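Participant: Could you work out the structure for the sequence below:
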Amino acid sequence: MEKRLLIIVNSHSGKKKKFNTFEAIQKQISAYGWETDMVFTKHSGHAITIAAEAQNYNRIVCVGGDGTLSEVCNGILKSNNQKELGYIPTGSTNDFARGIGLPKKIKNSTAFACTGTPIPIDIGSFTNEYGDVRFFSYVASFGAFTKISYSTAQRFKNRFGHFAYIFEGLKSLTDLQNFKPFKLKIETETGIIDGEYIFGAITNSTSLGGLVKLDKKSVTVNDGLFEMLLIKKPRGIIALTDTVNQLLNKKYNRSKVIFEHTKKVKLISEEPLEWTLDGEYAGKTAKVEISVLNNALNFIRPEMAKKHTFSRKKKI
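Facilitator: All right, here's what the predicted structure looks like:
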């Protein structure tokens, strides 16, 4: 059987790579017996179209950051074109890759992307108040931290990579008490939560912006559940210190930080919220419905992640 593989490349992600880097990736994949084609994205959203039209390939390999990977996922799912998906992370934070333990070195991640075994993973479905549906691979978020990925200057990301996010993230972390809180009504299968929050995330990753971390034992990529993290506005330096400690130590007190597992979230805010999906701006909306699509995508990921992938969740 002919093995055909499409390489989708965002050459501008993270610290910009030289063209011979991508040539080396294609050569390495071809050496494993794949017939390959390589396409470079030309603009935002282009990877969605490329992936949707990739009908004659057995596998797609995405070379870029989390945003590019998210576009490829959307292209595959929206076209109902079930392809095996590999990922060679070259972005600045690579939260998704960090969360599932993909190799950091390009040569190693390339070898894995073309030789590894596909394993189903969960994908998030995001529907705004206008009925528009988008998919995300690892996080939908609003509030503090969410602007870091798309507001950090590209030239800064190209030069400093992950450190650009850490720099911006630390500023956000120490400035939590100055963020305007949002009045929200949040409905999950466990009940209704009312309150004011400065940050919220529905995620399937252990890393958010490379700064906020979740316990690996609490995150499972194919159990039909996502993790919801909500941060209340700290009132004063003592509350701020307590909130930061909870986030850093991954031990949450619902008076400051709410953490729970969920299959579906309905969120209503008094004013439109700016959302990001996988680190990319997703517009403003006052009403959102987020649900988990269990085992929706066949993703090439490390066997080393399998140890906690099927483990039982610990109650937080």
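
Participant: which residue ranges form the strands in the stretch 1-150 of the chain?
Facilitator: 4-9, 35-40, 59-64, 84-89, 118-128, 133-136, 139-143 (DSSP state E, counting those that start in this stretch).

Participant: let me redo that: the stretch 201-316 of the chain
Facilitator: 207-208, 212-213, 226-232, 257-262, 264-277, 280-300.

Participant: Mind listing the strands the fourth one pairs with, and their directions?
Facilitator: Same thing as strand 257-262. strand 226-232 (antiparallel) (DSSP bridges).

Participant: Tell me which residues are up against the strand it pairs with.
Facilitator: Outside strand 226-232, the residues that touch it by Cβ atoms under 8 Å, 6 or more residues apart in numbering are 122, 124, 143-144, 176, 181, 186, 188, 193, 195-204, 208, 212, 214, 218-219, 243, 247, 255-263, 265, 290, 292. The way it works is simple: take the backbone N, C-alpha and C, and place the C-beta from them, glycine included.

Participant: Could you check how far Val292 is from Val63?
Facilitator: When distance is defined by Cβ to Cβ, to the nearest Å, Val292 is 27 Å away from Val63.

Participant: Looking at the strands of the stretch 1-150 of the chain, which is nearest to Ile100?
Facilitator: Nearest to Ile100, of all the strands of the stretch 1-150 of the chain, is strand 118-128, at 8.0 Å by Cβ to Cβ.

Participant: what's the angle between that closest one and strand 139-143?
Facilitator: 30 degrees (axes from the mean of the first three to the mean of the last three Cα atoms, to 10 degrees).

Participant: Can you list the strands that strand 118-128 pairs with?
Facilitator: Next to strand 118-128 in the sheet, as set by DSSP bridges, lie strand 133-136 (antiparallel), strand 280-300 (antiparallel).

Participant: For it, list every residue counted as buried.
Facilitator: Buried residues in strand 118-128, counted by 16 or more other Cβ atoms under 10 Å: 119, 121-128.

Participant: Got the phi and psi for Gly132?
Facilitator: Quick fix: residue 132 reads Asp, not Gly. Main-chain torsions, Asp132, degrees, to the nearest 10: phi -70, psi 130.

Participant: Neighbours of it, how many?
Facilitator: 11 (other Cβ atoms under 10 Å).

Participant: now do Glu270
Facilitator: Neighbour number of Glu270 under other Cβ under 10 Å is 11.

Participant: where's the nearest residue to it once chain neighbours are set aside, which helix or strand?
Facilitator: Using Cβ to Cβ, 6 or more residues apart in numbering and skipping residues adjacent in sequence, the residue nearest Glu270 is Lys183, 4.5 Å away. Lys183 belongs to strand 182-188 when assigned by DSSP states H and E.

Participant: helices or strands next to that strand in the packing?
Facilitator: Other elements packing on strand 182-188 under the criterion 3 or more Cβ pairs under 8 Å, 6 or more residues apart in numbering; DSSP states H and E are strand 191-203, strand 226-232, strand 264-277.

Participant: can you list contacts of that strand?
Facilitator: Contacts of strand 182-188 (Cβ under 8 Å, 6+ apart): 142-143, 192-198, 200, 228, 230, 260, 262-271, 273.

Participant: So in that sheet, which strands flank it, and in what orientation?
Facilitator: Next to strand 182-188 in the sheet, as set by DSSP bridges, lie strand 191-203 (antiparallel), strand 264-277 (antiparallel).

Participant: Centre of the chain to it, how far?
Facilitator: Put simply, strand 182-188 sits 22 Å off its chain's centre (Cα atoms, centre = their mean, to the nearest Å).

Participant: Pull out the buried residues from that strand.
Facilitator: For strand 182-188, by 16+ other Cβ under 10 Å, it's 182, 184, 186-188.

Participant: What distance separates the opening and closing residues of stretch 221-240?
Facilitator: This stretch, stretch 221-240, spans 31 Å end to end (Cα to Cα, to the nearest Å).

Participant: Give the buried residues for it.
Facilitator: Buried residues in stretch 221-240, counted by 16+ other Cβ under 10 Å: 221-223, 225-234, 239-240.

Participant: So, low pLDDT: which residues of the stretch 101-250 of the chain?
Facilitator: Within the stretch 101-250 of the chain, the stretches with pLDDT under 70 are 145-178, 209-212.

Participant: try 90
Facilitator: 101-104, 114, 116-117, 143-181, 198-199, 205-221, 231-250 (pLDDT under 90).

Participant: give me every residue that touches Tyr197.
Facilitator: Going by Cβ under 8 Å, 6+ apart, Tyr197 touches 143, 181-182, 184, 230-233.

Participant: same check, this time on Asp37
Facilitator: With contact set as Cβ under 8 Å, 6+ apart, Asp37 has these partners: 4-7, 57.
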